[in-house]
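**Q** Pasting a predicted model and its sequence here:
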Amino acid sequence: MARVFITGSSDGLGRMAAQLLVEQRHSVVLHARNQERGKQALAAVPQAETVVIGDLTSLAQTRGVAEQVNALGTFDAVIHNAGIGYRESRRIATEDSLPHVFAVNTLAPYILTALIHRPKRLVYLSSGLHQGGDASLKDLAWEHRPWQGQQAYSDTKLHDVLLAFAIARRWPDVLSNALEPGWVATKMGGAGAPDDLDAGHRTQVWLAVSDDAAAKVTGEYFYHMCRREPNPAAREAQLQDTLLEACARFSAVTLPK
């Protein structure tokens, strides 16, 4: 039995992953952005161990999520599932004056990776749209560029792959991988999304807990439990380090060696 923490697990793919894990008799800790959604998450997955609360748009609350998780002990895997989609028509600033999408999709997984006691496995949800992400890593906070919601989302999904691969390189004792779940009919994906919803949550569960040799790798990118080639920029160590340095500046959180 593995113990797994899943961000953004009050609905969508995160909840589906939690449900599959408890069906497989693993122990799961859920996450929701507020108390009401936390109650809904526990009602949907009553076999879950507990739920931690924190809004990942806030740097302070994200640090609080890490503190809550660490107070629960150690975990075998963390699935960085929480995310904001590509439909935001304007730059929405957080309480820290950062773009909403960047705070949740990029900085939150970085902060939680840095602060949560190191698990055996890390799983980062990306998207096929990461292929169009801006690999220059310039103007990450969208302070100078005209806002483009889909581009902002694509950038952050490239960041997630860069982060997964950076951790794989820096922490060889941790299995760190990224995946795309496909364009599926969740609240984020929309009702008309064409990919297989049932397959959308299975890769992250497989990477988190499976003893299959194919799942026990690190620094790889997956789609439906098969390796897929990511944006080639994601494998550039210099870009990975540049992103880590930028995240450290924005968050005032340093990634442990």
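**A** Looks like it came in fine.

**Q** Any regions of the stretch 151-257 of the chain where pLDDT drops low?
**A** Where the stretch 151-257 of the chain drops to pLDDT under 70, the residues are 182-197.

**Q** Quick check, residue 235 in contact with residue 164.
**A** No: between residue 235 and residue 164 there is no contact under CB atoms under 8 Å: 10.9 Å. Yep, even glycine has a C-beta here, placed from its N, CA and C like the rest.

**Q** ok, the two, which is more surrounded?
**A** residue 164 (29 against 16; other CB atoms under 10 Å).

**Q** Now name the helix or strand holding the more buried one.
**A** In the assignment (DSSP states H and E), residue 164 maps to helix 149-170.

**Q** That helix: which residues count as buried?
**A** By 16 or more other CB atoms under 10 Å, the buried positions in helix 149-170 come out as 149, 151-168, 170.

**Q** Can I get that helix as CSV, trimmed to CA atoms?
**A** What follows is helix 149-170, C-alpha atoms only, in CSV (Å, rounded to 0.1, in the frame of the first residue of the first chain):
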residue,chain,number,x,y,z
GLY,A,149,-4.7,33.0,-22.2
GLN,A,150,-3.8,29.9,-24.3
GLN,A,151,-0.1,30.9,-24.6
ALA,A,152,0.1,31.6,-20.8
TYR,A,153,-1.4,28.1,-20.2
SER,A,154,1.0,26.5,-22.7
ASP,A,155,4.0,28.2,-21.1
THR,A,156,3.1,26.9,-17.6
LYS,A,157,2.6,23.3,-18.9
LEU,A,158,6.1,23.5,-20.4
HIS,A,159,7.3,24.7,-17.0
ASP,A,160,5.8,21.6,-15.4
VAL,A,161,7.8,19.3,-17.7
LEU,A,162,10.9,21.4,-17.1
LEU,A,163,10.3,21.0,-13.4
ALA,A,164,9.8,17.3,-13.5
PHE,A,165,13.0,16.8,-15.5
ALA,A,166,15.0,19.2,-13.3
ILE,A,167,14.0,17.2,-10.2
ALA,A,168,14.8,13.9,-12.0
ARG,A,169,18.3,15.3,-12.7
ARG,A,170,18.9,16.8,-9.3
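
**Q** So which other helices or strands are in contact with that helix?
**A** Under the contact definition 3 or more CB pairs under 8 Å, 6 or more residues apart in numbering; DSSP states H and E, helix 149-170 sits against helix 100-102, helix 108-115, strand 121-125, strand 175-180, helix 237-251.

**Q** What separation is there between the residue nearest in space to the middle of the chain and residue 145?
**A** Against the mean C-alpha coordinate of the chain, by CA atoms, centre = their mean, the closest residue is residue 80 at 2.8 Å. Relative to residue 145, residue 80 is positioned 25 Å away (CB to CB, to the nearest Å).

**Q** pretty sure residue 29 is in a helix, no?
**A** No: counting by DSSP: H, G, I helix; E, B strand; the rest coil, residue 29 is not part of a helix but strand.

**Q** got the contact list for the closest residue to residue 168 other than its chain neighbours?
**A** The spatial neighbour of residue 168 that comes closest, neighbours along the chain excluded (CB to CB, 6 or more residues apart in numbering), is residue 219 at 3.3 Å. Counting by CB atoms under 8 Å, 6 or more residues apart in numbering, residue 219 touches 164, 165, 168, 169, 176, 177.

**Q** What is the most widely separated pair among the residues you listed?
**A** The distance between the two most remote of the contacts of residue 219 (CB to CB) is 12.4 Å, for 169 and 177.

**Q** Which stretches in this structure count as helices?
**A** Along the chain, the stretches classed as helices by DSSP state H are 12-23, 35-44, 59-71, 100-102, 108-115, 149-170, 197-200, 202-209, 237-251.
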